[in-house]
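[1] Here is the input, now give the coordinates:
(2 chains)
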Amino acid sequence: AQKVTQAQTEISVVEKEDVTLDCVYETRDTTYYLFWYKQPPSGELVFLIRRNSFDEQNEISGRYSWNFQKSTSSFNFTITASQVVDSAVYFCALSRGGSQGNLIFGKGTKLSVKP
Amino acid sequence: GAVVSQHPSRVICKSGTSVKIECRSLDFQATTMFWYRQFPKQSLMLMATSNEGSKATYEQGVEKDKFLINHASLTLSTLTVTSAHPEDSSFYICSARLRTDYEQYFGPGTRLTVT
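    Numbers count the residues shown, from 1 in each chain, chains lettered A, B, ... in the order given. Model (predicted):
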């Protein structure tokens, strides 16, 4: 069975702090994709990153970085120097390779960045 | 590119009435569209997978007679909530997958309130 676990329900930080959102996944597939989405209060999902199971390189995009480790089935997301605009719910998701493709979402982590 | 729209963005209806939600891929052809539901402060859960020209595949626990899905063209899928009840109040989000790519693109969501 496939599963995504985001153990942190809510995180609160002060602006400029670094924060890491954890994501642990379970799958028996050898080919799969991992995603992170941001959901601000408006509700619209904002795509942040997609990573396939064969690419374990870490990625950095501005203040965002992702650490993918297959050995621990984790795909963690770090925001450096957080800002108030980063406040949102963040979802980690998993999809199967091949034709299925639907996403399995974690329960989300609500991040509050206070000024 | 790869824009998905949903209409309406927000709808309020009375208990017992039916509501139709449209999901359109504006600049690409989507052979597969997914419908997700998100209750307040919860994660997104897949309701059904809709393939163009064929019947939708529903997830366990989702009533196919209540949530009618039609995917009549490569750019349009509709979800009709029949005989809506207050417990159907939720945020409904569709996503569309490119014909030749596994990337999914999400619509902005439709917030349904049944009074």
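
[2] what residue ranges in the chain score low on pLDDT?
    You didn't pick a chain, so chain A it is. For chain A, residues meeting the criterion pLDDT under 70 lie at A:97-100.

[3] that answer is for a different chain, and I need it for chain B
    Going by pLDDT under 70, which is the cut-off in play, chain B has low-confidence ranges at B:1, B:99-102.

[4] Spell out which residues of it are next to chain A.
    Counting by CB under 8 Å from any CB of the partner chain, the positions of chain B adjacent to chain A are B:32, B:34, B:36, B:38, B:42-46, B:49, B:91, B:93, B:95, B:97, B:102-106, B:108-109, B:111. For every residue, glycine as well, the C-beta is placed using N, CA and C.

[5] Now with 7 Å, please.
    For chain B, the residues in contact with chain A (CB under 7 Å from any CB of the partner chain) are B:32, B:34, B:43-44, B:46, B:49, B:91, B:93, B:97, B:102, B:104, B:106, B:108-109, B:111.

[6] from these, which two are the most distant?
    With distance counted by CB to CB, no two of the residues of chain B next to chain A lie farther apart than B:Tyr102 and B:Arg111, which are 28.1 Å apart.

[7] any idea how far the nearest residue to B:Phe39 once chain neighbours are set aside lies from A:Pro41?
    Among residues not flanking B:Phe39 along the chain, B:Ser90 sits closest, at 5.3 Å (CB to CB, 6 or more residues apart in numbering or on different chains). In this structure, B:Ser90 and A:Pro41 are 16 Å apart, going by CB to CB, to the nearest Å.

[8] In terms of packing, which of these two has more residues around it?
    The residue with more neighbours, out of B:Ser90 and A:Pro41, is B:Ser90; 21 against 8, by other CB atoms under 10 Å in any protein chain shown.

[9] give me every residue that touches A:Ala88.
    By CB atoms under 7 Å, 6 or more residues apart in numbering or on different chains, the contact list for A:Ala88 reads A:38-40, A:111.

[10] Apologies, that question was intended for A:Ser82.
    Contact criterion CB under 7 Å, 6+ apart gives A:13, A:15-19, A:113 as the residues in contact with A:Ser82.

[11] Which phi and psi values does it adopt?
    The phi/psi pair for A:Ser82 (degrees, to the nearest 10) reads phi -60, psi 150.

[12] do you know how far it is from chain B?
    Taken as CB to the nearest CB, to the nearest Å, the spacing of A:Ser82 relative to chain B amounts to 22 Å.

[13] Tell me the buried residues within the residues of chain B next to chain A.
    The neighbour-count test (16 or more other CB atoms under 10 Å in any protein chain shown) marks B:32, B:34, B:43-44, B:46, B:49, B:91, B:93, B:97, B:102, B:104, B:106, B:108-109, B:111 as buried among those.

[14] Out of these, which is nearest to A:Ser53?
    Distance from A:Ser53 was checked for each of those by CB to CB. The minimum falls on B:Tyr102, at 12.2 Å.

[15] Can you get me a residue count around A:Ser12?
    For A:Ser12, the tally of surrounding residues (other CB under 10 Å) stands at 12.

[16] nearest residue to it other than its sequence neighbours?
    The nearest residue in space to A:Ser12 (CB to CB, 6+ apart) is A:Ser112, at 4.5 Å.

[17] any idea which of the buried ones among the residues of chain B next to chain A is the one closest to A:Tyr64?
    A:Tyr64 lies nearest to B:Phe106 out of those, by CB to CB, at 18.7 Å.

[18] if we can go back for a sec, confirm the residue nearest to A:Ser12 sits in a strand?
    Yes. A:Ser112: assigned to a strand according to DSSP: H, G, I helix; E, B strand; the rest coil.
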